[in-house]
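> A structural model of the following input is requested.
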Amino acid sequence: MENFSALILQQAARLAKALPAAGLILYWEQVAGLEDVHLDKLDSRLILVVRGEKNRARAEQVSDRVVVVPRAELTRQAQISLGVLTASARGFCGGGERLVCLAGPCGEAGGVDTIQVVDVSGPTTGLCASCSNGLSDHVPAQIFNAVLNLALELAQEGREGKPIGTVFVLGDSEKVLQFSRQMVLNPFAGYPEASLNIVQPEMKETLREFASLDGAFVIRGDGTVIAAGRQLSASSLDLELPQGMGARHHAAAGITAVTEALALAISESSGTVTVFHHGQIIASLEKAGPPRPVLRED
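Residues are numbered from 1 along each chain as shown. So this is what the prediction gives:
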């Protein structure tokens, strides 16, 4: 497996140079343990994706373009979408650029077995050109990443082992409030704003507690959580969404169609995190299923 992964990586680097591509995206944990791989010698602009903070410092010794994502177990396509999405949020790539992306089994030193060429604003990722350079003028990368990380963690872990479905609406909050109404008493009303920012460590557990409420969270572009339990009133818009998406996803898509906000919807049934902007899906991050059993001949 090590030799195979090293060969895949070398071919991907050659492909990135030949296209030419704006960067080569790969997950640090999937290749760092391979003896035949020398990342610092690859003739390509590396964008390293690190799952969790543990290996950030080591990755930054190899590349100056490092993004940190949650330790979520995702499908290969979701790994690629997440890498492109977070690299875009950091400004490492933008609309009209092409990337070569690598993916493989989740886990430490899982190796790589998939190469995909992605046009950042093309249909492969769904990342629309208007939001592919920093994603949104209303939302800094740090805040977007904090909300995305929380959504992925909730999708993976739920609350007390039970699945959670909810929506986070991020940015353009004044207009979002105009297109929504409070379904229950707002649990965030009346508290000092400094204590309500999404980057505060204690806010993560607080949001977990309220994630079971009906309705959506509304988060200001600076990361301040201003409401929970909001009913989004733009869900009746005639939007084309994939079959199987219900009221929660239509509400998330609808609110982004009439505002400049981003919305992240967690499916309670599948654990997939879907990111919307301008009424469109810009990323769908699907959980990886259990590994298939290895069939052995007697």
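> residue ranges with poor pLDDT in the stretch 51-200 of the chain?
Low-confidence segments of the stretch 51-200 of the chain, defined by pLDDT under 70: 107-110, 121-138.
> What segments of it are strands?
For the stretch 51-200 of the chain, the strands defined by DSSP state E, counting those that start in this stretch occupy 66-69, 98-103, 114-119, 166-170, 180-182.
> export the ones you listed to JSON lines and tack on distance to residue 232 and mean neighbour count?
Every C-beta, even on glycine, is put in place using the N, C-alpha and C of the backbone. As requested, the strands of the stretch 51-200 of the chain are exported to JSON lines (distance: least, Cβ to Cβ, whole Å; neighbours: other Cβ atoms under 10 Å):
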{"stretch": "strand 66-69", "distance to residue 232": "27", "mean neighbour count": "21"}
{"stretch": "strand 98-103", "distance to residue 232": "32", "mean neighbour count": "25"}
{"stretch": "strand 114-119", "distance to residue 232": "30", "mean neighbour count": "18"}
{"stretch": "strand 166-170", "distance to residue 232": "7", "mean neighbour count": "26"}
{"stretch": "strand 180-182", "distance to residue 232": "5", "mean neighbour count": "17"}
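> Figure out which of the ones you listed is closest to residue 241.
Evaluated with Cβ to Cβ, the strands of the stretch 51-200 of the chain place strand 166-170 nearest to residue 241, the distance being 13.8 Å.
> Determine how far the closest one lies from the middle of the whole chain.
13 Å (Cα atoms, centre = their mean, to the nearest Å).
> Paired strands for it, with orientation please.
strand 216-219 (parallel), strand 262-266 (antiparallel) (DSSP bridges).
> Let's have those strands in JSON lines, adding mean pLDDT and mean neighbour count.
Supplementary listing: the strands paired with strand 166-170 in JSON lines, determined by pLDDT from 0 to 100; neighbours: other Cβ atoms under 10 Å:
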{"stretch": "strand 216-219", "mean pLDDT": "98", "mean neighbour count": "28"}
{"stretch": "strand 262-266", "mean pLDDT": "96", "mean neighbour count": "27"}
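> which one of those lies closest to residue 118?
Across those, closest to residue 118 is strand 262-266 (Cβ to Cβ), at 19.8 Å.
> who touches that closest one?
131, 135-136, 138-139, 144, 147-148, 151, 154-155, 164-171, 216, 248-249, 251-253, 255-256, 272-277 (Cβ atoms under 8 Å, 6 or more residues apart in numbering).
> Starting from that strand, tell me the next helix or strand along the chain.
Following strand 262-266 in sequence order, the next helix or strand is strand 273-277 (DSSP states H and E).
> angle of that following strand against strand 166-170?
30 degrees (axes from the mean of the first three to the mean of the last three Cα atoms, to 10 degrees).
> what's strand 273-277 packed up against?
Applying 3 or more Cβ pairs under 8 Å, 6 or more residues apart in numbering; DSSP states H and E, one finds that strand 273-277 makes contact with helix 141-157, helix 247-258, strand 262-266, strand 280-285.
> ok, 10 Å please
helix 76-89, helix 141-157, strand 166-170, helix 247-258, strand 262-266, strand 280-285 (3 or more Cβ pairs under 10 Å, 6 or more residues apart in numbering; DSSP states H and E).
> Could you export the ones you listed as TSV, including distance to residue 120?
Output for those, formatted as TSV (distance: least, Cβ to Cβ, whole Å):
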stretch	distance to residue 120
helix 76-89	6
helix 141-157	15
strand 166-170	20
helix 247-258	19
strand 262-266	17
strand 280-285	11
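> Let me know which of the ones you listed is the nearest to residue 238.
With Cβ to Cβ as the yardstick, what comes closest out of these is helix 247-258 (9.7 Å).
> buried sites along the closest one?
Across helix 247-258, burial judged by 16 or more other Cβ atoms under 10 Å covers 248, 249, 250, 251, 252, 253, 254, 255, 256, 257, 258.
> do the same with stretch 196-211
196, 197, 198, 203, 206, 207, 208, 210, 211.
> count of residues packed around residue 77?
When neighbours are defined as other Cβ atoms under 10 Å, residue 77 has 17 of them.
> typo on my end, residue 161
Counted with other Cβ under 10 Å, residue 161 comes out at 6.
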